[in-house]
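K.L.:
Quick check, what structure comes out for this input:
(one chain, ligands or ions: 1)
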Amino acid sequence: MINVTKTFFPPVEEYTKFIKRAWDNEWLTNRGELVLELEEKIKKYLEISNIIITNNGTVPLQIALKLLGNRGEIITTPFSYVATTASIVWENCIPVFVDIHPEYFTIDETKIEHSITPKTTAILATHVFGNPCNILAIESIAKKYNLKVIYDAAHSFGVKFNDKSIFEYGDVSTCSFHATKIFHTGEGGAMITKDQDLHNKLYFSHNFGHNGPLEFYGLGINGKMSELQAAMGLSILPYMDEIISERKRVVDYYNTNLDLEKIQVIKIRPNTVWNYSYYPVVFKSEYQLLEVQKALNDEGIFPRRYFYPSLNTVEYTNGGKMPISENIASRIVCLPLYVDLSLENLKKIVSLINNNIC
Ligand SMILES: *Cc1c(COP(=O)(O)O)cnc(C)c1O
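P.N.:
Okay, here's the model as predicted:
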């Protein structure tokens, strides 16, 4: 069976070497040495100055919205994983959707200002598939209207924009280290800010608000990563360059062999060093998508309809109409993309697609 992704497993000896340290220390959580070491190594690898790693990629969204959303209206994208929208509603904020750009698939920055009201507190946009939003335009809108900017950068580990880690933009960026993501700790995630005061607030918020054992800075929740999760991250991080170059091999193969006259592929924003995290293709119609999907499924190949449905149509959102997002969501699938995906299988995937889009 070929799925859209296959979790990367490091050699088990390398994983157990880190796990052994947890045993030796008899220490499993509350920011033990493996968590601290993973934070240091990620900072070095991504060339960023600060990071807090967490138990998954959703809690950091919730914490950021709790601190910056202020129960207001949050301008957001309808084209993302459901966690983006659900976190807004979960934090008692109101999602206000703005349609997406038809080629980049990120929020259409030219439509943001129109949706701002006196109740707007923040913009929560996703660098979907690791493709950066129009960061500079969003920054200037946020400045003009005094709004906070949170980036859901769940797909963006290793992405650079204008020679800087994508995580360094916005007030806060969040990431997911879920097993399906490009860098993972089984379950896990991170939040990143360059603002030291906000960093301190994010930090105490992810640890019940603690200021030492007896005092509290404020309200908090449990967002801590465990030593067992950190061990997985520490044993995968040394493979990141290899993981990204393997994924580039697959993306290059698709780009040269798929019939790109008949299907649309993502346009990566200029000045981006991309991480090859997903390979979305947009068919001419949902009907054609379903035909191709069936042909692939019959051969044991299972692409995923990332992202469907458009989030403005989810029942708890009152999302209005988002014609571009709804249209793209009905026609898009992500093709299999992972380390070691064989040339033989790539040939099979490509010919099944090309033969079914005539
Ligand atoms: C995966 C994902 C999340 C949630 O991350 P978890 O680690 O699964 O909690 C949030 N946003 C987007 C866009 C994602 O793809």
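K.L.:
How about the contacts made by the spatially most central residue of the chain?
P.N.:
For the chain, the residue lying nearest the average C-alpha position, counting by CA atoms, centre = their mean, turns out to be residue 154 (1.8 Å). Applying CB atoms under 8 Å, 6 or more residues apart in numbering, one finds that residue 154 lies in contact with 57, 81, 83, 126, 174, 175, 176, 178, 181, 189. Any C-beta I mention is one placed from the backbone N, CA and C, and that applies to glycine too.
K.L.:
mind giving me the domain ranges of this structure?
P.N.:
Domain ranges of the chain: 3-238, 239-355, per automatic domain parsing.
K.L.:
Tabulate those in a markdown table, adding columns for distance to the ligand and mean pLDDT.
P.N.:
What follows is the domains of the chain, written out as a markdown table (distance: least, CB to the nearest ligand atom, whole Å; pLDDT from 0 to 100):
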| stretch | distance to the ligand | mean pLDDT |
| --- | --- | --- |
| domain 3-238 | 3 | 98 |
| domain 239-355 | 8 | 97 |
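K.L.:
winner for burial among the ones you listed?
P.N.:
Each of the domains of the chain was scored by mean neighbour count; the highest is domain 3-238, a mean of 20, by mean count of other CB atoms under 10 Å.
K.L.:
End to end on that domain, go ahead and measure it.
P.N.:
Length of domain 3-238, first residue to last, CA to CA, to the nearest Å: 25 Å.
K.L.:
swap in stretch 210-224?
P.N.:
One end of stretch 210-224 to the other measures 12 Å (CA to CA).
K.L.:
My reading is that residue 238 is in a helix; is that accurate?
P.N.:
Yes - remark: residue 238 belongs to a helix, assigned using DSSP: H, G, I helix; E, B strand; the rest coil.
K.L.:
From residue 207, how far off is it?
P.N.:
28 Å (CB to CB, to the nearest Å).
K.L.:
what do you get for residue 249?
P.N.:
Using CB to CB, residue 249 is found at 41 Å from residue 207.
K.L.:
Likewise for residue 199?
P.N.:
Distance from residue 199 to residue 207, by CB to CB: 13 Å.
K.L.:
Next: residue 14.
P.N.:
Counting by CB to CB, the gap from residue 14 to residue 207 is 29 Å.
K.L.:
Could you do residue 122 as well?
P.N.:
From residue 122 across to residue 207, the span is 23 Å (CB to CB).
K.L.:
same deal with residue 30?
P.N.:
8 Å.
K.L.:
For residue 240, give me its contacts.
P.N.:
45, 158, 183.
K.L.:
From residue 149, how far off is the first one?
P.N.:
By that I understand residue 45. 24 Å.
K.L.:
ok, now residue 212?
P.N.:
Distance from residue 212 to residue 149, counting by CB to CB: 32 Å.
K.L.:
for the stretch 101-250 of the chain, what spans make up the helices?
P.N.:
135-145, 196-205, 227-236, 240-257 (DSSP state H, counting those that start in this stretch).
K.L.:
The third one packs against which elements?
P.N.:
Yep, that's helix 227-236 we're talking about. Applying 3 or more CB pairs under 8 Å, 6 or more residues apart in numbering; DSSP states H and E, we find helix 227-236 packed against helix 12-25, helix 33-46.
K.L.:
quick one: that helix to chain centroid distance?
P.N.:
Offset of helix 227-236 from its chain centre (CA atoms, centre = their mean, to the nearest Å): 19 Å.
K.L.:
and it with helix 33-46, angle?
P.N.:
Helix 227-236 runs at 40 degrees relative to helix 33-46, counting by axes from the mean of the first three to the mean of the last three CA atoms, to 10 degrees.
K.L.:
neighbouring contacts of helix 227-236?
P.N.:
Residues contacting helix 227-236 (CB under 8 Å, 6+ apart): 8, 10-11, 14-15, 17-19, 21-22, 25, 27-29, 32-35, 37-38, 41-42, 53, 55, 177, 183-188, 243.
K.L.:
which other residues reach stretch 336-344?
P.N.:
2-6, 8, 242-243, 246-247, 250-251, 253, 276-279, 301-303, 345, 349.
K.L.:
repeat that with 7 Å
P.N.:
2-6, 8, 243, 246-247, 250-251, 278-279, 301, 303, 349 (CB atoms under 7 Å, 6 or more residues apart in numbering).
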